[in-house]
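Student: Next comes the sequence, and after it the predicted model I'd like to discuss.
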Amino acid sequence: MSWLFGFYSKRPQNISSISEYHPKAISTYLNSDSYVAVGGNENLLSFQIHDNHLKFFICGLGISADSESFLGTKEWENLFLTSPENINKQNGHYCGVQLNDNSISLFTDPMGLRAIHITENNYGWFFSTRLDWILKTGAFEIDFETFSSRWLLFNQISNKSIVKKIIIFNCGSSAIISKNRIEIKDFFLIPKKTGEISLDQFKDNLCKFVLLGAKQNKHISLSLSGGLDSRVLLSLLINSGYKNWDCHLFKSESLMDNVIASKILNDLNLPFRLFSPPPSNESDIINYLFDFIGSTYITESAFNSQKLMQYSNLSQDDLIIDGAFGEMWRREFLTRFYWAGHKIVEEKNIEKISNAIKYDRADIFNKEINAEMHSGINHQLNEIIDLLPPVKEIGFGNWLDIFSLKTRLVNYMPPEQARLDNFVSSYMPYIQFSLLNDLLNMPVSLRKNHRLFNNLFYPQSSELTKYNLVKGNVPYPFYFTPVMKRIYSLVYLKLASKKDNDGLDLFLTGMKEFILDSLSSSSVKSYVPYNYKNISNNVNAYYSGSLKNGNYVNWFLTFEVFRQILAKN
């Protein structure tokens, strides 16, 4: 990733040893009370340290508020000098630090796509875009009350850190650190309804982001799957007249994703690249796994890391776009929650809300920890409901989309976006600040049942509607509504072969020695929050032939790696 690591001292001292906490930097700044280093993908770094009046470091890919250009060092410098109040209101994803005479200022993008972690000790404040590097600075433990929703629900609800004594801030929040205090200023964006926008307006705004790289003749590469969201982006590229682009596919994606996507590209004679996982041995996989989980802190499972590692195959000169969070524009997040009805929100029925968004990972904790986590979920859900506009004011469909924006987007995407920034320059057109400001201005009736996206294919790209769509390795006709798709998927999955469980069993077989060694270690047996008997029974049953336990073992491995990172530090 393009990364940032820094320290602000409470008293003048020699702080040059701070560099031991991070890899070799591309640029550093050091004086008696401040240390800042940045590194990783040089294409996603902007910094100015030689001007006596303005010093700053920024990580990520900033896009101007008018969505007309990418932000480089000169553009950032102009923003600092002319409108510093708008630093946290640009498009793209970014975070950074400004060095002042007697303080430092930290800031983040408004959507929460890059985040900064901060911890304080007797000597000062450490801050970094990498949580696992902050963990090297002291002894830390998991905050199970906050971690609760990350483990038991679809995603974390609170945007607080899952580690005690660490503050995470994002979503346009800023902080000022001076000698003896830190002051954090929250920025809580909620899209407002100001007036309906037309289909053509939405299409024009989306096209601006999709084709932003064309202004600099950059090579654009679309991450194409078998889904609807990336196919909309494909149609916009096809009809743009721009030629310097292609698509890329990953062999580790679901079989049907690759079958449908490659058929479209071959039939239409469109350029694409197909990447295979790089060759690796068990040691390489384990090292990568620790780095992956350390930087994404349990937002994805250990198994999914194998798919996401393939972005290293792409060139840093490519400009990658993908269809992530396109669901926001077709009212398809939290469908189970939607069918549970708006009354459970209005009545604050936390039990029913929890059931509507629960996610089965693995039952690995003891009764006391489970009780603490359920209490944490109760607190987090009550808190977010109080922060969001009333359902009666904006409608249940809009409420669910804003709920997703403030819970799933800010907890799921930042760790993976930060990790991707190490390999490529990438961004997600659907979730840009200026575009999402119009979320409530697009009627729910148009967003539901794919009506908005379906209309974007006509008349120029109607041929793309002839191909099946894919969700969760299930192919289905393009015209299916979400309800039709769900019923069809349930039937399809019951009848379909579960051969190799999409590679999970193969992955867990390769990790068998590491998993069983960890299971038999004294550190696992003595880790108080674990329900060791339950873990041992499920893991041993899996390796004795009960393959239905694969998901359990996968998520136990994921948490155990993170626990080992904490214990090691």
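Tutor: Noted; the coordinates are in hand. Only a predicted model underlies this, so the values are computations on that prediction, with no experimental measurement involved. Numbering: from 1, shown residues only.
Student: Report pLDDT for the spatially most central residue of the chain.
Tutor: With distances taken as Cα atoms, centre = their mean, Met413 lies nearest the centre of the chain, 1.2 Å away. Met413 carries a pLDDT value of 89.
Student: if I pick it, what's in contact with it?
Tutor: Neighbour list for Met413: 112-113, 324-325, 428, 431 [criterion: Cβ atoms under 8 Å, 6 or more residues apart in numbering]. Just so you know, the C-beta spots here come from the backbone N, C-alpha and C atoms, and that holds for glycine as well.
Student: now do 6 Å
Tutor: Applying Cβ atoms under 6 Å, 6 or more residues apart in numbering to Met413 gives the contacts Leu113.
Student: how much space is there between it and Phe423?
Tutor: Met413 is 16 Å from Phe423, where distance means Cβ to Cβ, to the nearest Å.
Student: Specify the local secondary structure of Ile177.
Tutor: strand (DSSP: H, G, I helix; E, B strand; the rest coil).
Student: hey, what's it bridged with?
Tutor: Judged by DSSP bridges, the bridge partners of Ile177 are Ile104, Ile182.
Student: packing partners for the helix or strand harbouring Tyr288?
Tutor: Applying DSSP states H and E as the criterion places Tyr288 in helix 282-296. Applying 3 or more Cβ pairs under 6 Å, 6 or more residues apart in numbering; DSSP states H and E, we find helix 282-296 packed against helix 410-420, helix 550-568.
Student: lowest-confidence stretch among those helices?
Tutor: helix 410-420 (a mean of 89).
Student: Quick check: which of the helices and strands packed on helix 282-296 is buried the most?
Tutor: Greatest average neighbour count among the helices and strands packed on helix 282-296 goes to helix 410-420 (a mean of 23), per mean count of other Cβ atoms under 10 Å.
Student: relative to helix 282-296, how tilted is that helix?
Tutor: 130 degrees (axes from the mean of the first three to the mean of the last three Cα atoms, to 10 degrees).
Student: what about helix 410-420, distance to the chain center?
Tutor: The chain centroid and the centroid of helix 410-420 are separated by 3 Å under Cα atoms, centre = their mean, to the nearest Å.
Student: got the contact list for the helix or strand following that helix?
Tutor: Going down the chain from helix 410-420, the next helix or strand is strand 425-427, by DSSP H and E. Residues outside strand 425-427 that contact it (Cβ under 6 Å, 6+ apart): 43, 61, 319-320, 420.
Student: and what of stretch 482-500?
Tutor: Stretch 482-500 is contacted from outside by 332, 474, 476, using Cβ under 6 Å, 6+ apart.
Student: hang on, the first one in a helix?
Tutor: Read that as Glu332. No: assignment of Glu332 by three-state DSSP gives coil, placing it outside any helix.
Student: Identify the residues contacting it.
Tutor: Residues in contact with Glu332, defined by Cβ under 6 Å, 6+ apart, are Pro482.
Student: What separation do you get for it and Ser404?
Tutor: 10 Å.
Student: Select the longest helix from the protein.
Tutor: As assigned by DSSP state H, the longest helix anywhere in the chain is helix 367-387.
Student: Could you export it as PDB, CA atoms only?
Tutor: The C-alpha coordinates for helix 367-387 follow below in PDB (Å, rounded to 0.1, in the frame of the first residue of the first chain):
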ATOM      1  CA  LYS A 367     -19.600 -18.000  27.100                       C
ATOM      2  CA  GLU A 368     -18.200 -14.900  28.800                       C
ATOM      3  CA  ILE A 369     -16.800 -13.500  25.500                       C
ATOM      4  CA  ASN A 370     -20.000 -14.300  23.600                       C
ATOM      5  CA  ALA A 371     -22.000 -12.400  26.200                       C
ATOM      6  CA  GLU A 372     -19.700  -9.400  26.000                       C
ATOM      7  CA  MET A 373     -20.000  -9.500  22.200                       C
ATOM      8  CA  HIS A 374     -23.800  -9.600  22.200                       C
ATOM      9  CA  SER A 375     -23.800  -6.700  24.600                       C
ATOM     10  CA  GLY A 376     -21.400  -4.900  22.200                       C
ATOM     11  CA  ILE A 377     -23.800  -5.500  19.200                       C
ATOM     12  CA  ASN A 378     -26.700  -4.100  21.200                       C
ATOM     13  CA  HIS A 379     -24.700  -0.900  22.000                       C
ATOM     14  CA  GLN A 380     -23.500  -0.400  18.400                       C
ATOM     15  CA  LEU A 381     -26.900  -0.900  16.800                       C
ATOM     16  CA  ASN A 382     -28.600   1.500  19.200                       C
ATOM     17  CA  GLU A 383     -25.900   4.000  18.600                       C
ATOM     18  CA  ILE A 384     -26.100   3.900  14.700                       C
ATOM     19  CA  ILE A 385     -29.900   4.000  14.800                       C
ATOM     20  CA  ASP A 386     -29.700   7.200  16.900                       C
ATOM     21  CA  LEU A 387     -27.200   8.800  14.400                       C
END
